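A.B. asks: Kindly generate the corresponding structure for this input.
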Amino acid sequence: MPLPEQDWADALRRERAGDASRYADFLKEYSTVLRRVVGGRLSGTGLDAGEAEDVVQEVLMAVHLRRDQWDSNRPLLPWLGAISRYKTIDVVRRRRSELRARVDLSDQQWANLFEDGAEFAGDTGGRLERMVSELPKVEQSVVRKLGMEGMSAKEAAEAIGMKEGTVRVAFHRGLARLLKLAQGKET
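C.D. replies: Residues are numbered from 1 along each chain as shown. All right, here's what the predicted structure looks like:
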């Protein structure tokens, strides 16, 4: 067993005996190593540094929450590796799913979208509001915050209580549905 593994395993054992300071040191050391490992795993997936840090934090939380499940008679690194591998896979799957639903608009398409919105706003029937109200609740909220109230994705995420990336995905999905509704392709 390599020396860091012995030290880390000892730290987890000592944490079980009430030595929180050594456990905190372990988490700091492991997070440094984990950032390099996760960064390498995610380098080809298109995830940015913030998303990689989210993975690191998810792994650290999982290790902390499941630390009592580690069998102290078995090697620690395979257990840590399994947690980091599965958390990383979960994030990559979510990201790919989000990318499939993403709608990228050019500057001209954005301008046209909101010019059309200005027409709808003057519509006595409230066509834009009717179309927005046909969206799923989360998308309605996000489209209103970003598209109608002019909030940034970060501000909307804080106001709604969601992650910024989730707000962006919901906004793109909402815009895609609005475009279909405006073109009469969705009822």
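
A.B. asks: any idea which element the residue positioned nearest the centre of the chain lies in?
C.D. replies: Taking C-alpha atoms, centre = their mean as the criterion, residue 165 is the residue nearest the geometric centre of the chain, at 5.3 Å. In the assignment (DSSP states H and E), residue 165 maps to helix 164-182.

A.B. asks: Show me what that helix is packed against.
C.D. replies: Judged by 3 or more C-beta pairs under 8 Å, 6 or more residues apart in numbering; DSSP states H and E, helix 164-182 is in contact with helix 76-101, helix 107-122, helix 127-133, helix 137-143, helix 153-160. C-beta here means a position set from N, CA and C on the backbone, and glycine is covered the same way.

A.B. asks: weakest of these in terms of mean pLDDT?
C.D. replies: For those, mean pLDDT drops lowest on helix 107-122, to a mean of 56.

A.B. asks: any idea how far residue 13 is from the closest residue to residue 70 other than its chain neighbours?
C.D. replies: Distances taken as C-beta to C-beta, 6 or more residues apart in numbering place residue 79 nearest to residue 70, at 5.2 Å, with adjacent residues excluded. From residue 79 over to residue 13 the distance is 13 Å, taken as C-beta to C-beta, to the nearest Å.

A.B. asks: just to revisit the earlier point, could I get the buried residue list for the helix holding residue 165?
C.D. replies: 165-179, 181-182 (16 or more other C-beta atoms under 10 Å).

A.B. asks: again with stretch 147-160
C.D. replies: Per 16+ other C-beta under 10 Å, stretch 147-160 contains these buried residues: 147, 151, 153, 156-157, 160.

A.B. asks: Now that we have those residues, can you turn them into TSV and tack on distance to residue 94?
C.D. replies: Conversion of the buried residues of stretch 147-160 to TSV gives the following (distance: C-beta to C-beta, whole Å):
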residue	distance to residue 94
147	24
151	23
153	17
156	19
157	16
160	18
